[in-house]
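*Asks:* just the structure for this:
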Amino acid sequence: MLRKISKFGAALFGVAVLLLPWASHAQTNMDQSTLDSILASGKLRFGTTGDWNPMTMRDPATNDRIGFDIDVATALAADLGVEVEFVPTTWKTIVAGVASGAYDMTGSASVTAGRAKTAGYTQPYLALATVPITLAANAEKFQSIDDINQEGVRVAVTAGTSQQFQAPNLFPKATIIKVEAPAREFGEVLAGRADVSITSNVEANTLVARFEQLAIVPAKPAFPTLIAMLTPRDDQAWINYLNHWIAIKKELGFFDELQAKWMGGGE
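*Replies:* From the prediction side, this is the model:
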């Protein structure tokens, strides 16, 4: 069965490659596609923050990059026949970096209308949501969004993340604390400088497993959002290639395998 699926995936990939010249002719805003530049240079420049567990992290023992996004970038580079270079970025500068050409694409990012004004997106491959985190000692105090949305409650967010822009809508009465990279919002809760922080549900699960002092507030996850990779906005040939690649990898079960590896099979 796997052999049959692999042949099917290879056939799809061949069709995708055949479509690329057509996409390049349709491109009017760029002299050369990022795809052509990558193939010519032999290098894929992949922008990644390194601070979103389990998507992109640094192994403290080896300083190597690990995570869902790192596996995606490594597999993509292998299929392109090039090396991958991980380019450090921050959530505050991630869109500006891809728009200015500092890197060819980014790792996973929430799909938002604001970002889409400046950058392009691949097709999505995950769906996440936002959840609050607090100290386990305060778990009884914070049981809902309404419990958090009170004057005097301090809510920490990381600058540049989608949660920074969600927080004022979720908690208009609370005090929002914006944390600049490389610090992270959950650190403010651990340090007692914030009562609550918000992040994606997948990261929240890793944080409560890592820090026994933390607990997830049992509120309904908010702002369900699609997750995709950011690209140069006008480079349709590169976006087409990535979309074909994602579709093929989905068919082969690659993204399901990564979810099982890094998220325990859930989202």
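*Asks:* identify the residues contacting Pro218.
*Replies:* By C-beta atoms under 8 Å, 6 or more residues apart in numbering, Pro218 lies in contact with Gln143, Ser144. Heads up, the C-betas are built off the backbone N, CA and C, glycines and all.
*Asks:* what does it show for phi and psi?
*Replies:* In terms of degrees, to the nearest 10, the main-chain angles of Pro218 are phi -80, psi 50.
*Asks:* just the pLDDT for it.
*Replies:* Note on Pro218: pLDDT of 94.
*Asks:* all helices of the stretch 101-250 of the chain, in order?
*Replies:* Listed in chain order, the helices found in the stretch 101-250 of the chain under DSSP state H, counting those that start in this stretch are 113-116, 145-148, 162-170, 185-190, 201-210, 236-251.
*Asks:* can you list those in TSV and add distance to Met229, mean neighbour count and mean pLDDT?
*Replies:* TSV is the format used below for the helices of the stretch 101-250 of the chain (distance: least, C-beta to C-beta, whole Å; neighbours: other C-beta atoms under 10 Å; pLDDT from 0 to 100):
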stretch	distance to Met229	mean neighbour count	mean pLDDT
helix 113-116	11	12	94
helix 145-148	30	16	96
helix 162-170	15	18	95
helix 185-190	23	21	97
helix 201-210	16	18	94
helix 236-251	7	20	98
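*Asks:* so which of these is nearest Val72?
*Replies:* helix 236-251 (8.4 Å; C-beta to C-beta).
*Asks:* just checking, what packs against the closest one?
*Replies:* Here helix 236-251 touches helix 2-26, helix 34-41, helix 68-80, strand 222-232, going by 3 or more C-beta pairs under 8 Å, 6 or more residues apart in numbering; DSSP states H and E.
*Asks:* could you rerun that using 10 Å?
*Replies:* Applying 3 or more C-beta pairs under 10 Å, 6 or more residues apart in numbering; DSSP states H and E, we find helix 236-251 packed against helix 2-26, helix 34-41, helix 68-80, strand 105-106, strand 119-121, strand 222-232, helix 254-263.
*Asks:* worst mean pLDDT among the ones you listed?
*Replies:* Ranked by mean pLDDT, the helices and strands packed on helix 236-251 bottom out at helix 2-26, which scores a mean of 43.
*Asks:* how is the protein carved up into domains?
*Replies:* Following automatic domain parsing, one finds the domains of the chain at 2-126+226-263, 129-224.
*Asks:* per-residue pLDDT of the residue nearest the centre of the chain, please?
*Replies:* In the chain, the residue lying closest to the centroid (C-alpha atoms, centre = their mean) is Ser108, at 2.3 Å. Predicted confidence (pLDDT) for Ser108: 97.
*Asks:* possible to save the helices of the stretch 101-250 of the chain as a markdown table with distance to Tyr103?
*Replies:* Shown next, in a markdown table, are these (distance: least, C-beta to C-beta, whole Å):
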| stretch | distance to Tyr103 |
| --- | --- |
| helix 113-116 | 15 |
| helix 145-148 | 36 |
| helix 162-170 | 20 |
| helix 185-190 | 24 |
| helix 201-210 | 22 |
| helix 236-251 | 12 |
